[in-house]
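Colleague: Sequence plus the predicted model coming up.
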Amino acid sequence: MKKSFSPWCISLVLLILVHGPLFAATIVLKNGATVRGKLIHRTDAELTLEDQVTKQLRLIKSDQVRTINLDPGEEKAGLSADASVILVKIRPAIGLMPGIAYPFGKVGKNLALGYGAMLYSDLQMPMKTQIFKIRLGLGVGFFYHPTISTDYSPQLMFIPVVAHAKFQFITSVGLRPYIKIGGGITPVLASGGSSIDPTAAAALGLGYVNEKIPYLEFFIEAGAMMFFEKQRGDFITANLGVAYMFGTR
């Protein structure tokens, strides 16, 4: 008895053979490596591919590319406005910043050195310039301060909630110096009561991104934070941090 293929099986095979490579690009890097995937986004400075197997995004700098071979239809695919393209443009990130807060001024006479961390998330404003970026975000932190005065509760806990704008400069060696300013509110918790204080913050920082792991940014940051209530609280902050950036791999 002869076996036969149904028409839909034949159609499926033909569809795979004909359309399988339509949205693929082959890129040869200057170091000799070959990268293949779907072209998601392309600018003069960089391009983004989607891995055909893992579906993850990979960012490649244009100065690392020797040749690009685009299959038919790839140019249109690179210009499509789907979710992947939006992700590449805004580059959302989530980060953790453990650190210390040193009180000074009037509050410095009553509080000891505090320690804690900030958890934040931000995203990049779509911009054509490749050397300067603006990121907007929101952070929530927790800092614990022992007291050194009998006029205060044995300890104070601060929970700053701060929105920020980050002005970042992108260099070719992976370094990313930045200036950050922000404001928000800070619930202050103590055994004798609590308050919610208006807050202002500013910082200088230096980030670093290695081209082998472009989805991680490591940084150090030094800044100042001010709480405004009956008695103003001034703090110098120092943080180390790491952030995971979506839209790249």
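Modeller: Nice, thanks for sending it over.
Colleague: Quote the end-to-end distance of stretch 27-34.
Modeller: By C-alpha to C-alpha, to the nearest Å, the extent of stretch 27-34 from end to end equals 6 Å.
Colleague: Please apply the same query to stretch 89-108.
Modeller: 43 Å.
Colleague: Identify each buried residue in it, please.
Modeller: Buried residues in stretch 89-108, counting neighbours by 16 or more other C-beta atoms under 10 Å, are found at 89-93, 95, 97, 99, 101-103, 107-108. The way it works is simple: take the backbone N, C-alpha and C, and place the C-beta from them, glycine included.
Colleague: do stretch 24-42 as well
Modeller: Result for stretch 24-42 [16+ other C-beta under 10 Å]: buried residues 24-27, 35, 37-42.
Colleague: Quick check: F227 vs H145, distance?
Modeller: 12 Å (C-beta to C-beta, to the nearest Å).
Colleague: Between these two, point out the one with more neighbours.
Modeller: Shown here are F227 and H145; by other C-beta atoms under 10 Å, H145 has more neighbours (26 against 22).
Colleague: Stretch 94-113: end-to-end distance?
Modeller: 27 Å.
Colleague: What's the mean pLDDT across that stretch?
Modeller: For stretch 94-113, mean pLDDT is 91.
Colleague: worst-scoring helix or strand of this protein, pLDDT-wise?
Modeller: When the helices and strands of the chain are scored by mean pLDDT, DSSP states H and E, helix 7-19 comes last with a mean of 43.
Colleague: Which SSE is immediately downstream of it?
Modeller: Next along the chain after helix 7-19, taking DSSP states H and E as the criterion, comes strand 25-29.
Colleague: I'd like to check the angle between whichever helix or strand comes after that following strand and strand 25-29, please.
Modeller: Proceeding N to C from strand 25-29, the next assigned helix or strand is strand 34-42, under DSSP H and E. Taking axes from the mean of the first three to the mean of the last three C-alpha atoms, to 10 degrees, one finds strand 34-42 and strand 25-29 inclined to each other by 110 degrees.
Colleague: So which elements touch strand 34-42?
Modeller: Here strand 34-42 touches strand 25-29, strand 46-50, strand 57-61, helix 74-78, helix 83-90, going by 3 or more C-beta pairs under 8 Å, 6 or more residues apart in numbering; DSSP states H and E.
Colleague: how distant is the second one from the center of its chain?
Modeller: So the one you mean is strand 46-50. 17 Å (C-alpha atoms, centre = their mean, to the nearest Å).
Colleague: give me the beta-bridge partners of the residue nearest in space to the middle of the chain?
Modeller: Nearest residue to the geometric centre of the chain (C-alpha atoms, centre = their mean): A93, 2.6 Å. Judged by DSSP bridges, the bridge partners of A93 are D122, M245.
Colleague: go on, the one 5 residues further on?
Modeller: Here P98 shows beta-bridge partners A117, assigned using DSSP bridges.
Colleague: re the thing from before, need the residues touching each of F227 and H145.
Modeller: F158 (C-beta atoms under 8 Å, 6 or more residues apart in numbering).
Colleague: on that earlier part again, tell me which two of the buried residues of stretch 24-42 sit farthest apart.
Modeller: With C-beta to C-beta as the measure, no two of these lie farther apart than T26 and H41, at 17.1 Å.
Colleague: which one of the buried residues of stretch 89-108 is nearest G139?
Modeller: Out of the buried residues of stretch 89-108, the member with the shortest distance to G139 (by C-beta to C-beta) is M97, at 7.7 Å.
Colleague: Great, nothing more from me.
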